[in-house]
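> show me how the following folds:
(one chain, ligands or ions: 1)
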Amino acid sequence: MARTNVMIAETFPEYLVDHNLIDGEVESLCNGMVRYEKRPARRRDGSVAEGLYNAWIIFNNPRQYNSYTTDMVKAAILAFRRASVDREVNAVVFTGVGDKAFCTGGNTKEYAEYYAGNPQEYRQYMRLFNDMVSAILGCDRPVICRVNGMRIGGGQEIGMACDFSIAQDLAKFGQAGPKHGSAAIGGATDFLPLMIGCEQAMVSGTLCEPFSAHKAARLGIIADVVPALKVGGEFVANPTVVTDRMLDEYGRIVHGEFKTGADFKAGQVRIKEGEIDLSLLDQKVEELCAKLLETFPECMTKSLEELRKPKLQAWNLNKENSRAWLALNMMNEARIGFRAFNEGSKEGGREIDFVKLRQGLAKGTPWTEELIEL
Ligand SMILES: CC(C)(COP(=O)(O)OP(=O)(O)OC[C@H]1O[C@@H](n2cnc3c(N)ncnc32)[C@H](O)[C@@H]1OP(=O)(O)O)[C@@H](O)C(=O)NCCC(=O)NCCSC(=O)C1=CCCCC1=O
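Residues are numbered from 1 along each chain as shown. Next comes the predicted model:
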């Protein structure tokens, strides 16, 4: 090994081209709402690999469940490019601040107050969103989604664009589109059928009912799941989810399904009694980073490129059509749906009266913004 050290010392160049698109830090583009942190890479034995790092890309908008604004999307594109060209970076860890949400997709306040009724503006936003998904799928480093909390809507889509997902087991996974005026065509309709089969993809993409982390692991949306709730100082499995048996009395798989009724309520109480600790999540993420570190870099990149192809081909086939449809959709259902969420409340509800809308359309009533009162 001494000979390698000598060769490095004697032959590494004085000048290296910087392939970054911008000089500045990504934080400057979005007031720190996306953070880029280089953290020391460690071998499997825990020792620091001098001069090597993992790039942590962190959504920092916790008050809005780490939803991404337009500026955050721009910063994320450049952050993935920064990691992709940084010779010292070996893997990317993509996550959100806090322990409630990884990301809940597009920012519904911005959608309702700026993009609603402006298809030409949303078309430009969707250029940025598409570039963000493509930046993840095209990153020259393995991308790990550290699922620190719920992954919903576009958050689920950018999460599924990653190469690996490791989740804390209180997280939920799902789409919101058909309930909030959109369709999960920002990647979910491309990725879900490949990852979990057409039937379960249909359930997730249309009904907007979330999967638990345990079910997401069972179906194949994520690679691994770890407990995050501590009660009395001990880690326990998510108490609102069935984790202690595979089958019900009829032989149906129930592992990973949410509990119901009094059992679910008791699980919610237990969560409130405990404390959330993401140390096992970080341990599992670091273990994966170390395994990725101890490989040939070019062979790793080639393996990533080949194994990403099913997702990438589906994504590239559809992303421009999706962009066009989503832009026009901002004139009707997105305009109403995102305003209903943004102007609604937990108490009064955040969704329109779908039946009333359908009854009006059944009579051939033309679309106007007054069609649905909010
Ligand atoms: C189901 C939820 C994710 C969680 O519900 P709950 O646990 O009840 O929390 P809330 O009280 O609803 O939310 C807490 C506060 O966070 C704000 N919030 C949550 N999500 C967002 C968001 N995406 N943007 C902005 N703000 C958000 C929420 O308003 C609360 O704050 P407040 O001040 O009002 O108390 C639920 O939160 C939910 O359904 N969220 C919205 C999910 C959503 O619709 N996302 C967008 C989907 S569309 C999308 O992502 C797309 C991506 C690319 C392609 C096109 C497209 O449509």
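
> how about the strands in this protein?
Counting by DSSP state E, one finds strands in the chain at the ranges 34-42, 48-59, 89-96, 101-103, 143-147, 150-152, 164-168, 172-174, 211-212, 224-226, 229-231, 234-236, 275-276.

> which of those strands sits closest to the ligand?
The ligand sits nearest to strand 150-152 of all those, at 4.4 Å, using CB to the nearest ligand atom. C-beta here means a position set from N, CA and C on the backbone, and glycine is covered the same way.

> now the closest one: average pLDDT?
Taken as a whole, strand 150-152 has a mean pLDDT of 98.

> which parts of the chain sit against the ligand?
64-65, 67, 104-109, 129, 150, 152-154, 176-177, 180, 182, 186, 326, 341, 346 (CB under 6 Å from any ligand atom).

> picking up where we left off before, now the strands of the chain as CSV including distance to residue 354 and mean neighbour count?
Shown next, in CSV, are the strands of the chain (distance: least, CB to CB, whole Å; neighbours: other CB atoms under 10 Å):
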stretch, distance to residue 354, mean neighbour count
strand 34-42, 34, 17
strand 48-59, 30, 18
strand 89-96, 30, 25
strand 101-103, 25, 28
strand 143-147, 30, 28
strand 150-152, 19, 27
strand 164-168, 31, 26
strand 172-174, 18, 24
strand 211-212, 22, 26
strand 224-226, 33, 21
strand 229-231, 35, 17
strand 234-236, 38, 13
strand 275-276, 34, 14
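
> buried set for stretch 121-139?
Across stretch 121-139, burial judged by 16 or more other CB atoms under 10 Å covers 122-123, 125-126, 128-139.

> helices - which of these land there?
With DSSP state H as the criterion, helices contain 122-123, 125-126, 128-137 from among these.

> circling back to that earlier point, which among the residues of the chain next to the ligand count as buried?
Buried residues within those, defined by neighbour count using 16+ other CB under 10 Å: 64-65, 67, 104-108, 129, 150, 152-154, 176-177, 180, 182, 186, 326, 341.

> put the alpha carbons of stretch 50-70 into CSV.
Presented in CSV, the C-alpha positions along stretch 50-70 are these (Å, rounded to 0.1, in the frame of the first residue of the first chain):
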residue,chain,number,x,y,z
GLU,A,50,-9.5,10.4,5.1
GLY,A,51,-10.4,12.8,2.3
LEU,A,52,-13.6,11.0,1.4
TYR,A,53,-17.2,12.1,2.2
ASN,A,54,-20.9,11.4,1.8
ALA,A,55,-22.9,14.4,0.6
TRP,A,56,-26.1,14.9,2.6
ILE,A,57,-28.8,16.8,0.7
ILE,A,58,-31.4,18.0,3.3
PHE,A,59,-34.8,19.6,2.7
ASN,A,60,-35.2,22.2,5.4
ASN,A,61,-38.9,23.3,5.4
PRO,A,62,-40.2,21.4,8.5
ARG,A,63,-43.2,23.7,9.1
GLN,A,64,-44.6,22.7,5.7
TYR,A,65,-43.5,19.1,6.1
ASN,A,66,-40.4,19.6,4.0
SER,A,67,-42.5,20.3,0.9
TYR,A,68,-40.4,21.8,-1.9
THR,A,69,-40.9,25.4,-3.2
THR,A,70,-39.7,26.4,-6.6
